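Chemist: Need coordinates for the following:
(chains A and B)
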Amino acid sequence: MANGLGKGGRKKTGNKLTAMMQVRNEAGRYLEAALADLSGFVDEIVIVDDASTDDTPELAASFEKVVKLVRNKESLFHKEWLLRELLWRAAEETSPDWLLAVDADEFYEDYTKGALRELINQDEYDTVSFRMYDFWDSVTHYREDEWWNLHQRPMMTLVRYLPGYHYAYPKRAHHATRLPFTYSALPGLDTELRIKHFGWAGSAEERRAKYDRYMKLDPQGQWGSLGHYASILEPNPRLIRWQERERHDE
Amino acid sequence: MAAQPIVIFPNGGWKGIPPFQQGWLEGFAQKRKLLALADDAPDPIEQLSLEQLGTVEWSNVSAIVMHPAWVHIVVPLKPRCLIAMLPAPEQAEEEIWTKCRSWLCAYSTLVVAGSEALYLEQSFRRGSVFLMDGLDETSDLFARQAVEWHIDGFESDTLIRLQQRHRANWRNELLQKQEQAADASSNGYADGLFYHSIYRYLTGEADFARRQLLAAFEQMLLEGRANTLQNVYRFLSAIELEQGRLPEAVRTYGYTAHGETEWRDAEQLTDWLASGKRELAKAQLYRLNDDYRKAAAVLEPLADDPEAKTLLIATYIQMGRLQSALALGEPGHWQSAGDHRQWQHLKGMTLLLEGKRHDAIHSFMTAGENRQEELNGMIELAVMDGVSRELTRGNKEAH
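Modeler: Numbering: from 1, shown residues only, chains lettered A, B, ... in the order given. Below is the predicted model:
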């Protein structure tokens, strides 16, 4: 294209990669490591702090690549779609090219990080899906069974920002989609590239506390499956050792 | 004014006419002379044969045509009013009938569509279009009134808006009922939103059309429908044109483009916009959204410009307006032998619709250049002749 843009006006070189994340009381957990890790491979980071009562916002602000930090005075935890929308609007205001929707306990495998620039500097597709592995009881093993198999299907976390496109979130109080569902209409790429989720990698007590919280929030299984919740307490889950793949672009 | 005679060109004899139209047409016979090319026409309707067509004083007669195969017979007669009253196209119909329908509608003075899809298609191609599908009494009443006014020589355009508004409000009420019944995920709710958006576009309510379109898009995605970007979301670019937002419209089209042809179209639009050829970009975007009527309106004042002229010729061909296309001359860039043959074929059809049958046959022969597989015009003419003869018979189904 004469103006340097690709198919349908899509920018295919020099794209900026912006991570977006919503956080709440994450200071004592993985947030510092996650932001340090992200700072190594994204260009900018946008964060919405959902009324944390610990040092989460200060910690977030200490990272140079955090270009925008929105602080909620009151939590939107029970209206998760509003929280997702707020984060989306905050990210939009930074004129992003590509957005990576990340949680504070997720880490991209080195091999995946090495592939990201190639994934965003093209004009063929607007979304990229990865495989999310739930680490269990440690950062060395992931869980794989009837209830814990998210990594067996693609999960969209990386999207091209298309100015003026129609973005909408379903109005879900909990477990809202992390990206606007209207992305599903756009051309996408499913990859086997991997993300490590450490949300369940802590102690049995931490998992028990999470289970109790889910049951309090969603006792009828309206937003999630009760069977899935119950499986959190499984005493002997099937665990598989993680084999890290090194990045290949260095 | 004395009541003018009407000649009906039916769709398989008198019994081929849908019951909800039959009674109404028979009522005409009480007020004026009514003739039909049907061997089973009931009294007091007079039967007319194909051979008798030359004896009719067509400048004082209105024709109601109910099948596309009549096009090459009726159009050359130049009746005072030519009303195309066509049923919904059959599924997977032969291409020849799609083309004949397009030509017949373009040459008619009034179009009455038998299905909503045909009604909307024709509303995007011309004015004086009505819907009469037997499903909504009020809506049908507008169409019947329009036909009667038209035949009596009165302007029926005010009824177009009334019917469009009625259809839009009917769609809106249907949607509200579904919402109240918490039935939003079934019974065509998403399609209803899309149709409602199109009606609001037709009635000039662009903001309303936009809201309905985006709601339709969301609902279809939640239902897991495929190809919503091209089939539904793309129409946003037409709405954005109506809102005076050309750059956004070009951008929206680009997001929905898929495949080499559409990517080239998107690139062309961007180039035209960048070089200040805004009207070309606008017209092409209307075309890409099937709104040929608005595209032609933008292009007609620019016909001296070669790019605009080429686009206008293509637009007229899409609209079925062969004579208008031919009057602009052969496009300069149609230089290949295939393009030239296509032009000759177009010329042949135009001559045929002017009643110059022998000249048309000569033009088809030239287009074919003695290649059997390209003698399409000749073959089409033979098919049209055969089927139109069948359509007069009430005791036999037409193909």
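
Chemist: Return the residues of the stretch 201-350 of chain B in contact with chain A.
Modeler: Applying C-beta under 8 Å from any C-beta of the partner chain, we find that the stretch 201-350 of chain B lies next to chain A at B:214, B:217-218, B:221-222, B:228-229, B:233, B:236, B:248, B:250-258, B:263, B:266-267, B:270-271, B:274. Yep, even glycine has a C-beta here, placed from its N, CA and C like the rest.

Chemist: what's the distance between the closest residue in space to residue B:132 that isn't next to it in sequence and residue B:134?
Modeler: Excluding the flanking residues, the one nearest residue B:132 by C-beta to C-beta, 6 or more residues apart in numbering or on different chains is residue B:143, at 3.8 Å. Going from residue B:143 to residue B:134 by C-beta to C-beta, to the nearest Å gives 10 Å.

Chemist: of those two, who's got more company?
Modeler: More neighbours surround residue B:143 than the other of residue B:143 and residue B:134, with 24 against 12 (other C-beta atoms under 10 Å in any protein chain shown).

Chemist: which residues touch the more buried one?
Modeler: Listed by C-beta atoms under 8 Å, 6 or more residues apart in numbering or on different chains, the contact set of residue B:143 reads B:112, B:130, B:131, B:132, B:163.

Chemist: could you point out where the chain is predicted with low confidence?
Modeler: Defaulting to chain A. Counting by pLDDT under 70, chain A shows low-confidence ranges at A:1-4, A:174, A:248-250.

Chemist: nope, chain B please
Modeler: B:1-2, B:183-186, B:330-338, B:368-375, B:378, B:395-399.

Chemist: residue in it nearest to chain A?
Modeler: Using C-beta to the nearest C-beta, the single residue of chain B nearest to chain A is residue B:254, 3.7 Å away.

Chemist: Convert the C-alpha atoms of the helix or strand hosting that residue to CSV, please.
Modeler: Assigned by DSSP states H and E, residue B:254 belongs to helix B:246-256. Output of helix B:246-256 as CSV, limited to C-alpha atoms (Å, rounded to 0.1, in the frame of the first residue of the first chain):
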residue,chain,number,x,y,z
LEU,B,246,-16.3,9.4,5.1
PRO,B,247,-12.9,8.6,6.6
GLU,B,248,-14.4,6.5,9.3
ALA,B,249,-16.5,4.7,6.7
VAL,B,250,-13.4,3.9,4.6
ARG,B,251,-11.7,2.6,7.7
THR,B,252,-14.7,0.5,8.7
TYR,B,253,-14.8,-1.1,5.2
GLY,B,254,-11.0,-1.8,5.5
TYR,B,255,-11.6,-3.7,8.8
THR,B,256,-14.2,-5.9,7.1
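
Chemist: contacting residues around it?
Modeler: A:8-10, A:162-165, A:186, B:229-230, B:233-234, B:236-238, B:240-241, B:262, B:265-266, B:269-270, B:273, B:278, B:281-282, B:285, B:288.

Chemist: Does anything pack onto the helix or strand that it is followed by? Which helices or strands?
Modeler: Next in sequence after helix B:246-256, counting helices and strands by DSSP H and E, comes helix B:260-274. Contacts defined by 3 or more C-beta pairs under 8 Å, 6 or more residues apart in numbering or on different chains; DSSP states H and E place helix B:260-274 against helix B:246-256, helix B:278-288.

Chemist: Now do the contacts for the closest residue to residue B:193 other than its chain neighbours.
Modeler: Nearest non-adjacent residue to residue B:193, counting by C-beta to C-beta, 6+ apart: residue B:216, 3.6 Å away. Counting by C-beta under 8 Å, 6+ apart, residue B:216 touches B:190, B:191, B:193, B:194, B:196, B:197, B:232.

Chemist: Near the fourth one, how many other residues are there?
Modeler: Around residue B:194 there are 22 other residues, counting by other C-beta under 10 Å.

Chemist: which outside residues touch the longest strand seen in chain A?
Modeler: As assigned by DSSP state E, the longest strand anywhere in chain A is strand A:188-197. Strand A:188-197 is contacted from outside by A:103, A:105-109, A:111-112, A:115, A:119, A:124-135, A:139, A:142, A:150-151, A:154-157, A:242, A:245, using C-beta under 8 Å, 6+ apart.

Chemist: hmm, 6 Å instead?
Modeler: Strand A:188-197 is contacted by residues A:106-109, A:112, A:115, A:125, A:127-135, A:154 when judged by C-beta atoms under 6 Å, 6 or more residues apart in numbering or on different chains.

Chemist: and what of stretch B:285-294?
Modeler: So stretch B:285-294 is contacted by B:124, B:125, B:235, B:237, B:238, B:241, B:249, B:295, B:315, B:318, B:319 (C-beta under 6 Å, 6+ apart).

Chemist: Please look at the last one and residue B:125 and confirm they touch.
Modeler: Going back to what we said before, that points to residue B:319. Yes: between residue B:319 and residue B:125 there is a contact under C-beta atoms under 6 Å: 4.8 Å.

Chemist: contacting residues for the residue nearest the centre of chain B?
Modeler: Residue closest to the mean C-alpha point of chain B, counted by C-alpha atoms, centre = their mean, is residue B:122 at 3.3 Å. Residues counted as contacts of residue B:122 (C-beta under 6 Å, 6+ apart) are B:105, B:111, B:113, B:129.

Chemist: Looking at the contacts of residue B:143, which are in strands?
Modeler: B:112, B:130, B:131.
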